[in-house]
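Chemist: what would the 3D arrangement of this be:
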Amino acid sequence: MRFWRWGKRGTRDSRPNYVVRNRESIVLKPVFVETIPQLPEMEDRTLYVSMRFATLSHLCPCGCGRLVDVTLDPATRSLTYDGEYLTLRPSIGVKFPCRSHYSIVRNAIIWYRPISKWEARWYNRVRARWS
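Modeler: Now for the predicted structure:
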C-alpha cells in the first residue's frame, strides 16, 4: 500500500499531510510509576510509564475507555522525556473498533486518519509472522 507518491515532484518528505484537524486538542500528563495501575484506578488523560517493565499505558484518547498498552522496545520505539515533556515515536494505531491513530508529541495528542481494516489485518499478519 502506498501512503505517498514517488515521482518527479515527490520525495519521501513530500508525502501528504494526514493530520486530522477537526479533533479536539488533548494534553496528557506523564506519570512515572513502578507498576501500571489497574483499569478502574486509571485517570483519563494520564500517561503511565513503567521503565521497570518498559511499558507505557493510557486510556484511549478517543473516549472509548479502552486500555492502550505500548511496549517500549528500543528497536521499534523512541521515548523522549526532558523533565517536562514526553514524546513517543512512531505513531500509535489501535485495532479497537474506534481505530484511533495518533502520535504523542510534547504531551499532546496529534491525530491522524483512522487505520483502515486492511491495515489492521496486514499488521496482524506481520505480527503473527514475527512472533
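Chemist: could you point out the longest strand of the chain?
Modeler: strand 86-93 (DSSP state E).
Chemist: which secondary structure elements does it contact?
Modeler: Judged by 3 or more C-beta pairs under 8 Å, 6 or more residues apart in numbering; DSSP states H and E, strand 86-93 is in contact with strand 67-71, strand 78-81, strand 101-105, helix 117-130. In short, each C-beta sits where N, CA and C put it, glycine included.
Chemist: okay, the angle between the lowest-mean-pLDDT helix or strand in the chain and strand 101-105?
Modeler: Least confident helix or strand, the chain: helix 117-130 with a mean of 80, by mean pLDDT, DSSP states H and E. Compare the direction of helix 117-130 with that of strand 101-105 by axes from the mean of the first three to the mean of the last three C-alpha atoms, to 10 degrees and you get 70 degrees.
Chemist: give me the helices and strands touching helix 117-130, please.
Modeler: strand 86-93.
Chemist: tilt between the strand it packs on and strand 101-105?
Modeler: Using the same axes, to 10 degrees: strand 86-93 against strand 101-105 is 170 degrees.
Chemist: buried set for strand 86-93?
Modeler: By 16 or more other C-beta atoms under 10 Å, the buried positions in strand 86-93 come out as 86, 88, 92, 93.
Chemist: contact partners for the nearest residue to the first one once chain neighbours are set aside?
Modeler: This means residue 86. Of all residues not flanking residue 86 in the chain, residue 30 sits nearest, at 4.3 Å (C-beta to C-beta, 6 or more residues apart in numbering). Going by C-beta atoms under 8 Å, 6 or more residues apart in numbering, residue 30 touches 46, 47, 49, 81, 86, 107.
Chemist: looking at the buried residues of strand 86-93, which is nearest residue 73?
Modeler: residue 88 (12.0 Å; C-beta to C-beta).
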